[in-house]
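Trainee: Just to be clear, the model below is a prediction. Sequence and coordinates:
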Amino acid sequence: MNPEEILAQVAREVAVCTRCPLHHSRKKAVPGEGPASAEIMFIGEAPGFYENEQGRPFVGAAGQFLDELLQRAGLKREEVWIGNVIKCRPPGNRDPLPEELEACNEYLERQIAAINPKIIVTLGRFSMAKFLPGAKISAIHGQMRRVGNRFVIAMYHPAAALHQASLKATVIEDFTRLPQLLQQARAELMRLTLPPSPAPTPDEHEEPKQLSLF
Ligand code: SF4
């Protein structure tokens, strides 16, 4: 199967999934959406009220704010992938339980493997904990970290910024830096895939350049 077919297959499985009790209360599962060629995946926590109604990610107030943030970053919604670590709405928007996160994890893993993004932007603490366990969002938000063969940037969840005015400016600032970080990620990944250059002769030797990712 090609990446598009894998994403479509995952979406079909998610729509009828009964792996955890959240399927009892869902109206529509929310597999996530975006092209298989996306360079960036935005991964939030779980569907809320409007997402459960429509089967689409980030369509409520937090989604409108995310659209605004993407615009500030010079990104179009249709060129990035947007989804969640949990595909069905927890009742009353409660936090997902560890067993629900575990049951749902395989779907996201398959989506990430199919898309193979350069950058994963985590939105909120459950998504951050998956890729950067033990990290504190207040300490690392907006910073780019290498995780395996890609980069991860932890951001505050847009909903948190809507409920806490002091976070809004921080989130906007972090998103505004995304284009610059994407360029750094592209350059670094390109460098990592190039064959090693021949050893320099003594005349050619120069101090190695440091690429700051943070
Ligand atoms: Fe299946 Fe995930 Fe929905 Fe649970 S949350 S029923 S594991 S798709």
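Mentor: Done, it's in.
Trainee: Would you mind listing the buried residues in the helix of greatest length in the chain?
Mentor: Longest helix of the chain, by residue count under DSSP state H: helix 98-115. For helix 98-115, a neighbour-count test (16 or more other CB atoms under 10 Å) marks 100-101, 103-104, 107-108, 111-112, 114-115 as buried. In short, each C-beta sits where N, CA and C put it, glycine included.
Trainee: Report the angle between the helix or strand that it is followed by and helix 98-115.
Mentor: Going down the chain from helix 98-115, the next helix or strand is strand 119-123, by DSSP states H and E. Angle, strand 119-123 to helix 98-115, by axes from the mean of the first three to the mean of the last three CA atoms, to 10 degrees: 150 degrees.
Trainee: I'd like the numbering to begin with 17 instead of 1 from here.
Mentor: Right, with 17 as the first residue, what we last looked at is strand 135-139.
Trainee: So what are the sheet partners of strand 135-139 and their directions?
Mentor: Strand pairing for strand 135-139, determined by DSSP bridges: strand 56-60 (parallel), strand 166-171 (parallel).
Trainee: what comes into contact with the next helix or strand after the first one?
Mentor: Looking back up the chat, that one is strand 56-60. With elements assigned by DSSP H and E, the helix or strand that comes after strand 56-60 is helix 65-70. With CB atoms under 8 Å, 6 or more residues apart in numbering as the test, helix 65-70 has contacts from 42-44, 46, 73-76, 79, 104-105, 109.
Trainee: ok so, going back, among the strands paired with strand 135-139, which comes closest to L183?
Mentor: strand 166-171 (10.2 Å; CB to CB).
Trainee: returning to what we had before: please state the mean pLDDT value computed over the longest helix of the chain.
Mentor: Confidence for helix 114-131, expressed as mean pLDDT, is 97.
Trainee: do that helix and the ligand meet at all?
Mentor: Yes: judged by CB under 6 Å from any ligand atom, helix 114-131 and the ligand are in contact via 116, 119-120.
Trainee: Likewise for stretch 89-100?
Mentor: No: shown here: stretch 89-100 not in contact with the ligand (CB under 6 Å from any ligand atom), separated by at least 9.1 Å.
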